[in-house]
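J.: Pasted the sequence and its predicted model underneath.
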Amino acid sequence: MSQYVCVRLVKNDDSDIALFDRDWNNTLYFFIMNADEQIYMRYGGRDQVSDDTYLNLSSLELALRQGLELHQKYLKGELKKTERPKPSHPRDYPLLVERTIGRGACVECHLIGDYINLHKERDGTLDKMKDLYRSPDIKTIGINLDIPKGLVVKSALGAVQEAGMRPGDRIAALNGTPVWTFGDLQYYYDKVDRRAKQVQITVEREGKPIDLTVALPKLWWLTDVGWRQSSVDPRVYFESRPLTEAEKRDLGLKADGFAGQVKSVDSLAKMLGTHQLQVGDIIYGVDGVEQDEVANTPELFIKLRKTAGQTVTLSVIRDGRRQQMQLNTLRMNFRK
């Protein structure tokens with residue numbers, strides 16, 4: 001640490017949020033960079049389970065050592081310079097100015113992410129698969145890291161195992177972009193098109209680079225977004241499991257539909273009066289729609305296709321009887 005100049009940002013009012021781009025719901029995030037504002041690596045990131053799954057002192061120390069090594073390469077001209085993105089600041093977002101900066105309130109990280117999405121929603125550019133479902137979980141494709149060792153693979157399962165990844169491999173690049181930390185890996189994995197069918201992962205094995213083509217499973221990007229502070233997320237306060245094809249057939253439902261059986265109902269649903277669903281109910285349609293090219297459950301259909309705060313009509317089977325039921329989604333406002 002003595003070889004670094006450490007800077008802690010305590011407010012984001014004038015930060016270049018294009019240069020310091022990240023998933024704005026991360027709890028802790030470091031940028032290791034030089035005086036030319038070249039970012040060598042990122043340290044931070046999280047999964048849907050915990051804010052510190054991938055954070056510990058050993059992996060931070062490893063990242064700091066790697067940062068110093070990259071800096072020496074940069075000084076020798078051995079490291080390619082990256083083009084700085086066009087600057088962007090919180091004041092470029094009128095809603096953020098009106099509701100936060102204009103009131104003298106602190107521009108917190110999660111507010112930046114929230115207002116960016118609100119502006120995208122207003123101008124019609126919001127892509128919920130990308131903008132709401134941020135930071136896909138690498139465990140979904142089978143990557144489990146030996147966290148104190150950075151990007152060393154502890155176990156490889158599923159898609160990455162089929163692609164040839166092995167325990168002991170060190171992940172070195174994603175789609176050709178070098179990665180040094182979990183923060184790097186998650187950042188660039190988040191940039192992958194949600195409609196992509198595969199991703200290229202380069203690993204180092206016994207000192208040699210090996211390129212692996214990993215087939216991405218369906219809904220590889222899907223994570224729990226309930227913990228996120230996002231106003232564009234329609235809050236539904238229930239969870240369901242997708243029905244099997246056999247269950248759909250027995251009920252006379254579309255084989256490729258998104259029918260699901262309610263497995264839990266949040267206590268807030270009753271408190272706020274958002275819906276009358278019960279555990280065991282089968283939802284097979286939303287506003288008359290029963291199938292979707294992406295969604296495999298009714299709540300995912302609502303989150304992807306409906307606007308937060310909108311009221312929808314559910315097609316429900318309860319005790320063998322079909323009925324219509326209203327659900328009022330909620331728009332949460334995360335303000336100080």
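T.: Thanks, I have it.

J.: where's Val152 relative to Pro87, distance?
T.: Using C-beta to C-beta, to the nearest Å, Val152 is found at 36 Å from Pro87. Heads up, the C-betas are built off the backbone N, CA and C, glycines and all.

J.: the more surrounded of those two?
T.: Neighbour comparison, Val152 and Pro87: the larger count goes to Val152, with 17 against 10 (by other C-beta atoms under 10 Å).

J.: Next up, the contacts around the more buried one.
T.: 145-146, 168-170 (C-beta atoms under 8 Å, 6 or more residues apart in numbering).

J.: Show the buried residues in the residues you listed.
T.: With burial judged by 16 or more other C-beta atoms under 10 Å, the buried subset of the contacts of Val152 is 145, 169-170.

J.: Tabulate those (TSV), appending distance to Arg195, secondary structure and pLDDT.
T.: Putting those into TSV (distance: C-beta to C-beta, whole Å; DSSP: H, G, I helix; E, B strand; the rest coil; pLDDT from 0 to 100) gives the following:
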residue	distance to Arg195	secondary structure	pLDDT
Leu145	26	strand	98
Asp169	27	coil	98
Arg170	29	strand	98
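
J.: which residues in the stretch 51-200 of the chain form helices?
T.: 57-75, 94-99, 109-123, 128-131, 158-163, 182-189 (DSSP state H, counting those that start in this stretch).

J.: ranking these by burial, who's on top?
T.: Of the helices of the stretch 51-200 of the chain, the one with the most neighbours on average (mean count of other C-beta atoms under 10 Å) is helix 182-189, at a mean of 24.

J.: sorry, back to before: to Arg321, which of the helices of the stretch 51-200 of the chain lies closest?
T.: Nearest to Arg321 among these is helix 128-131 (32.8 Å), distances taken as C-beta to C-beta.

J.: Mean confidence (pLDDT) on the closest one, please.
T.: For helix 128-131, the mean per-residue pLDDT is 97.

J.: Just the residues contacting it, thanks.
T.: 116-117, 120, 194, 221, 232, 294, 303-304.

J.: List the residues that contact the residue sitting nearest the centre point of the chain.
T.: The residue lying closest to the centre of the chain (C-alpha atoms, centre = their mean) is Arg134, at 1.9 Å. The contact partners of Arg134, taken as C-beta under 8 Å, 6+ apart, are 23, 25, 190, 228.

J.: Considering these, which possesses the most neighbours?
T.: Sorting the contacts of Arg134 by how many neighbours each has (other C-beta under 10 Å) puts Arg228 first, at 21 neighbours.

J.: Just to check, that residue is in contact with Asp23?
T.: No. Contact criterion C-beta atoms under 8 Å: Arg228 and Asp23 do not qualify, at 9.3 Å.
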